[in-house]
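Visitor: Quick one, structure for this:
(2 chains)
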There are 2 protein chains.
Amino acid sequence: MGLEISVGSRIRKSPFFEKTVEEGVTHFSIYNRTYMATSYGDPIGEYRRLVDGVSMWDVTCERQVALKGPDAENLTRYLTSRNLGGLNIGQGRYVPLVDYRGTIINDPVLLPISSDEYWLSIADSDILLWASAIAGERGMDVEVYDPYVSPLAVQGPKAVDVVAPLVGDWVRELKYFAFRETEVEGIPLVVAKSGWSKQGGYELYLRDQTKGHQLWDLVKEAGQPHGIGPGCPNYIERLESGLLSYGADTDAQTNPYEVGLGKYVDLDREDEFVGKQALKKIHAEGIKRQFVGFLISGESIASSSQHRWPILMDGSQIGFASAAAWSPRINSNIGVGLIETAHSEAGIKVTVCADAGALDATVVKLPFEIPE
Amino acid sequence: MGLEISVGSRIRKSPFFEKTVEEGVTHFSIYNRTYMATSYGDPIGEYRRLVDGVSMWDVTCERQVALKGPDAENLTRYLTSRNLGGLNIGQGRYVPLVDYRGTIINDPVLLPISSDEYWLSIADSDILLWASAIAGERGMDVEVYDPYVSPLAVQGPKAVDVVAPLVGDWVRELKYFAFRETEVEGIPLVVAKSGWSKQGGYELYLRDQTKGHQLWDLVKEAGQPHGIGPGCPNYIERLESGLLSYGADTDAQTNPYEVGLGKYVDLDREDEFVGKQALKKIHAEGIKRQFVGFLISGESIASSSQHRWPILMDGSQIGFASAAAWSPRINSNIGVGLIETAHSEAGIKVTVCADAGALDATVVKLPFEIPE
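Guide: Numbering: from 1, shown residues only, chains lettered A, B, ... in the order given. Model (predicted):
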């Protein structure tokens, strides 16, 4: 349709914004009230670069919510259903958050920066307000704020060969979600082994917002020998890998058990946490929906679906596909979505009501199997 | 730059979305995780239609947060610093919300639907999460949810002549912010005398999301004799009228006194409300910034500024202009912004650092005076 995005002061611009424009970004969305580059106009090229080489993404929209003060650890533990056990400074964790009804409201990565400072690296919902309200009502001695940190993701099998020369060989030994504070040419960074793909890589959390252009250029230069190029959170790869996209795959009723996050809920914890009673009830009753994949028949469908597609079985709706695309590696259209548990077993045949018409599809477990 | 917006299932589409595309919408933004039409490509024409005639706007992005149950009224009163006194069903109120630091987090209109149901018609921040957290922590017996209601604004001096024939002559007698539930050709609506302009008009809150196209067509048809056409929350008119744009004009430190909302803070209330202690302190200390207007010299500047422009006095920064545009009625560039109280008196000369260079400007009180 060629609809343009308006750029104004209500929405945050990334410190890499002008660099992404220079690189030829064509599409944006808005995520956490921040402009998010979503395409450079070459979906298959960007995908190939990510799965075969190395790609750099502006993910400033992945905002940090800092919890700082004597009660920061208490608040952190109270906010998530996950049992955090012994928290290690420098070791991140994936910590889905639910509300008092047991509904998922975000799925951040927790970064324990120090014993009294924790960051939640969030998906698209306002956890700053959520955590502030809870801290305020509980009278906790903790400051909740946005520390103005902007992640630049370097993703793909060759990412390590770009980041190690720049930051140091110690990054080769980092465990998944581990991170360290460091400086590169005077640019203060938190370097984490993480990112929203299964291709491996790092996120460089920029702590000085005036140095975005400098960091972008450094990474680009370090990546030249490896064919680095710009990218975005990748629509196709995340489908193949079965990565959850909060807000796209989830709706206002989605609980952790439905989307494979039950392992991050510890109902046996002795301490209280938000949603504990509701999750106990949901767990006891069993879930009615399940997040699954679909192998979808037919020619290559449009690179992305603009809305949820109904999933039918014997003419009745049993759920929706939240995203679908052509997978070059699987050589088929694929999708993900929530469908009724009773019909969610691998191999079950369903119908996807795509924009172009009804398509036959088969339910599969996530992540998809990628042929060698 | 011609940057396109990507359309996907993570962001809500309005029930009027396809109609706005049919009408030739050219630009979108995202507001409350909902696509918001921002331009039909004719800024001056859209402005003229609003100030001289009648315009119809899709403001589905103005989401409703419903508070329903025995504690709905208690929660409503606790959430806002305003003294709501006797709440009348059917009479809306403007109710700025602050956090525990006294910082503005939204400025909704409150609609008392019934004695146990209140809607907050919100600006761009997640008050659903905020109110849910507070209700959850206080153990209140109240449900907080999105009732899926989509406002269609009809704005401009001729709006009444479009809406009255459609809905009934009773709308002519409605007080500002008053509303009534009704049906038009089987479409369930809440009709309110409100809207984000000072040109007068109504908001038709659509309660059945399957009937967006039908409602759009009815309003368009009723408006034909009056030259109705599509519009958007209007960038120029809102500047002239000094209407606050939460998130654009406010930042992470803005309190109500700075932006002229002190009259909605009642520090003498005997009951508790969020931010009471902080607002008492802020009030006692006096404010350091003030929201003002600027008359800006020079040729017509671009129709909108893409980011905040620094405001200088004697070479030092004293604040920022959050928005600026050419005003056809004032025949000058105008802007709004927050500057230091010490330099905020009308008549003071400042410098605006616009994209095109430094421009002389004069501070004025809001709203701007519009010549006859």
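Visitor: quick one: low-confidence ranges for chain A?
Guide: Within chain A, the ranges that satisfy pLDDT under 70 run A:1, A:302-304.
Visitor: Can you tell me how far A:S6 is from B:C232?
Guide: According to CB to CB, to the nearest Å, A:S6 stands 9 Å off from B:C232. C-beta coordinates here come from the backbone N, C-alpha and C atoms, glycine included.
Visitor: Buried residues, stretch A:191-206. List them.
Guide: A:191-206 (16 or more other CB atoms under 10 Å in any protein chain shown).
Visitor: quick one: which of the residues you listed is nearest B:I30?
Guide: Ranked by distance to B:I30 (CB to CB), the buried residues of stretch A:191-206 are led by A:W196 at 19.3 Å.
Visitor: Looking at the buried residues of stretch A:191-206, which are in strands?
Guide: Within these, residues falling in strands by DSSP state E are A:191-192, A:201-206.
Visitor: sorry, back to before: ok, the buried residues of stretch A:191-206 vs B:V184, which is closest?
Guide: A:W196 (45.4 Å).
Visitor: The spatially closest residue to A:S55 that is not a sequence neighbour bridge partners, please.
Guide: Once flanking residues are discounted, A:S55 sits nearest to A:G231: 3.4 Å by CB to CB, 6 or more residues apart in numbering or on different chains. Assessed by DSSP bridges, A:G231 has beta-bridge partners A:W57.
Visitor: Can you tell me how far A:G231 is from chain B?
Guide: 14 Å (CB to the nearest CB, to the nearest Å).
Visitor: Tell me, how many residues neighbour that residue?
Guide: 27 (other CB atoms under 10 Å in any protein chain shown).
Visitor: ok, now which ones touch it?
Guide: If you count contacts by CB atoms under 8 Å, 6 or more residues apart in numbering or on different chains, A:G231 has them with A:40, A:46, A:49-50, A:55-57, A:155.
Visitor: out of those, which is most surrounded?
Guide: In terms of neighbours by other CB under 10 Å, those top out with A:S55 at 32 neighbours.
Visitor: Hmm, A:Q155 and that residue touching each other?
Guide: Yes - at 5.3 Å, A:S55 and A:Q155 qualify as touching, with contact defined as CB atoms under 8 Å.
Visitor: middle-most residue in chain A, spatially?
Guide: With distances taken as CA atoms, centre = their mean, A:W196 lies nearest the centre of chain A, 5.0 Å away.
Visitor: which of the buried residues of stretch A:191-206 lies closest to chain B?
Guide: Distance to chain B across the buried residues of stretch A:191-206 (CB to the nearest CB) is lowest for A:W196, with 13.2 Å.
Visitor: The nearest residue to that closest one once chain neighbours are set aside: neighbour count?
Guide: Spatially, and ignoring its direct neighbours in sequence, A:W196 is nearest to A:P233 (5.1 Å; CB to CB, 6+ apart). Applying other CB under 10 Å, we find 24 residues neighbouring A:P233.
Visitor: contacting residues around A:P233?
Guide: A:36, A:38, A:57, A:59, A:196-197.
Visitor: can you give me the helices in the stretch 101-250 of chain A?
Guide: Listed in chain order, the helices of the stretch 101-250 of chain A (DSSP state H, counting those that start in this stretch) span A:127-137, A:159-167, A:212-223, A:235-241.
Visitor: which stretch among these comes nearest B:N331?
Guide: helix A:212-223 (38.9 Å).
Visitor: what packs against that closest one?
Guide: For helix A:212-223, the packing partners by 3 or more CB pairs under 8 Å, 6 or more residues apart in numbering or on different chains; DSSP states H and E come out as helix A:17-22, strand A:55-58, strand A:150-155, helix A:159-167, strand A:187-192, strand A:201-206.
Visitor: next structured bit after the second one?
Guide: So the one you mean is strand A:55-58. Once the chain leaves strand A:55-58, the next helix or strand it forms, by DSSP states H and E, is strand A:64-68.
Visitor: gap between that next one and the chain center?
Guide: 18 Å (CA atoms, centre = their mean, to the nearest Å).
Visitor: what's the answer for stretch A:127-134, then?
Guide: Centroid separation for stretch A:127-134 versus its chain: 20 Å, with CA atoms, centre = their mean.
Visitor: same thing with stretch A:329-338?
Guide: 18 Å.
Visitor: got it, and stretch A:357-372?
Guide: The answer for stretch A:357-372 is 21 Å, by CA atoms, centre = their mean.
Visitor: Residue of the stretch 201-350 of chain A nearest chain B, please.
Guide: Closest point on the stretch 201-350 of chain A to chain B, by CB to the nearest CB, is A:A248, at 3.9 Å.
Visitor: Next, the contact list for the residue nearest to A:G186 when sequence neighbours are not counted, please.
Guide: In space, and not counting its chain neighbours, A:G186 is closest to A:K211: 7.9 Å by CB to CB, 6+ apart. Applying CB under 8 Å, 6+ apart to A:K211 gives the contacts A:15, A:186-187.
Visitor: and what of A:L3?
Guide: Counting by CB under 8 Å, 6+ apart, A:L3 makes contact with B:4-5, B:7, B:21, B:25-28.
Visitor: And for A:S332, the neighbour number?
Guide: Neighbours of A:S332 under the rule other CB under 10 Å: 17.
Visitor: Wait, it touches A:F294, no?
Guide: No - using CB under 8 Å, A:S332 makes no contact with A:F294, being 9.7 Å away.
Visitor: was I right about A:A123 contacting A:Y246?
Guide: Yes - in this structure, A:A123 is within contact of A:Y246 by CB under 8 Å, at 3.8 Å.
Visitor: neighbour-wise, which of these two wins?
Guide: Set A:A123 next to A:Y246 and count neighbours by other CB under 10 Å: A:A123 wins out with 27 against 20.
Visitor: check contacts around that one.
Guide: By CB under 8 Å, 6+ apart, the contact set of A:A123 is A:62, A:106-108, A:245-247.
Visitor: Quick check on A:H343: phi, psi?
Guide: Dihedral angles of A:H343 (phi, psi; degrees, to the nearest 10) stand at phi -120, psi 20.
Visitor: for A:A72, same thing?
Guide: The phi and psi torsions at A:A72 (degrees, to the nearest 10) take the values phi -60, psi -40.
Visitor: Also A:F273?
Guide: In this entry, A:F273 is assigned phi and psi values of phi -150, psi 160 (degrees, to the nearest 10).
Visitor: Identify the residues contacting the closest residue to A:F16 other than its chain neighbours.
Guide: Distances taken as CB to CB, 6+ apart put A:D58 closest to A:F16, at 4.3 Å, once the chain neighbours are dropped. For A:D58, the contacting residues are A:14, A:16-17, A:19-20, A:36-37, A:150, A:152-153, A:232, by CB under 8 Å, 6+ apart.
Visitor: Now, the contacts of A:A123 that are in strands?
Guide: Going by DSSP E, the strands hold A:N106 from those.
Visitor: List the contacts of the helix or strand harbouring A:G319.
Guide: Following DSSP H and E, one finds A:G319 within strand A:316-327. For strand A:316-327, contacts defined as CB under 8 Å, 6+ apart pick out A:235-236, A:239-240, A:245, A:248-249, A:289, A:294, A:296, A:300-301, A:303-305, A:308-312, A:332-340, A:343, A:350, A:352, A:354, A:368, B:8-9.
Visitor: Brilliant, that's me finished.
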